[in-house]
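In: structure of the sequence below:
(chains A and B)
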2 protein chains.
Amino acid sequence: MPRYMDIKRGMTGITAEQLDEVHRADRAAEREEGVHFEHVWADPRSGTVFCLSEAPSEEAVRRAHERAGHPVDEIHPVSLSV
Amino acid sequence: MPRYMDIKRGMTGITAEQLDEVHRADRAAEREEGVHFEHVWADPRSGTVFCLSEAPSEEAVRRAHERAGHPVDEIHPVSLSV
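Out: From the prediction side, this is the model:
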């Protein structure tokens, strides 16, 4: 299944508890869209959150995040990795 | 050691071989800066490359990429992850 890296900005000051909550909400929205959210990394200083997923399409990633209540700013199909 | 996610843009059309070469150059520049580049993901369509590293500082990440010949656009200390 294709992999995606998405970026959400504007989360300045996000705490570990809030990031856990974001990830829990994403995971709860996974099944309807066939998405699997693998990892999330956050930079509280700049408010940037990176999320790596496996999904059938970019739109599925977008919808899963929207369903979880936090739409993202960019979604990149990362077809290459090392 | 702190972790960082960096973003390099403008790599539209990057191939698997070119990404391998970028990562090899990064790894060759690691030791001088005390950086370890863990993973790289690339979206050839938009030309966006994401790189996850462990490093003593943001400046060390910046210098290692510059030493390898491909400076990055953003470096984020990702102090939180799930």
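
In: rest of the way, CA atoms for contacts and neighbours
Out: Noted.

In: would you map the strands across chain A?
Out: Per DSSP state E, chain A carries strands over the ranges A:3-8, A:36-43, A:48-54, A:74-77, A:80-81.

In: can you tell me the closest non-neighbouring residue to the most centrally placed residue in chain A?
Out: Note on chain A: the residue nearest the mean C-alpha position is residue A:51, at 3.8 Å, using Cα atoms, centre = their mean. Among residues not flanking residue A:51 along the chain, residue A:40 sits closest, at 4.4 Å (Cα to Cα, 6 or more residues apart in numbering or on different chains).

In: in stretch A:12-31, what counts as buried?
Out: Using 16 or more other Cα atoms under 10 Å in any protein chain shown as the test for burial, stretch A:12-31 gives A:14, A:19, A:22-23, A:25-27, A:29-30.

In: wait, doesn't residue A:54 sit right on residue A:30?
Out: No: here residue A:54 does not reach residue A:30: they are 10.2 Å apart, not a contact under Cα atoms under 8 Å.

In: any part of the helix-or-strand element of chain A with minimal mean pLDDT near chain B?
Out: Lowest mean confidence among the helices and strands of chain A (mean pLDDT, DSSP states H and E): helix A:16-33, at a mean of 92. Yes: where contact is defined by Cα under 8 Å from any Cα of the partner chain, part of helix A:16-33 touches chain B, namely A:16, A:19-20, A:23.

In: how about the residues of chain A by chain B?
Out: Contact residues (Cα under 8 Å from any Cα) of chain A with chain B: A:15-16, A:19-20, A:23, A:39-44, A:46, A:48, A:76-82.

In: can you do 10 Å?
Out: Contact residues (Cα under 10 Å from any Cα of the partner chain) of chain A with chain B: A:3-5, A:14-17, A:19-20, A:22-24, A:38-52, A:75-82.

In: make a ChimeraX selection of the buried ones in the residues you listed.
Out: To isolate the buried members of those in ChimeraX, using 16+ other Cα under 10 Å:
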select /A:3,4,5,14,19,22,23,40,41,42,43,44,46,47,48,49,50,51,52,75,76,77,78,79,80,81
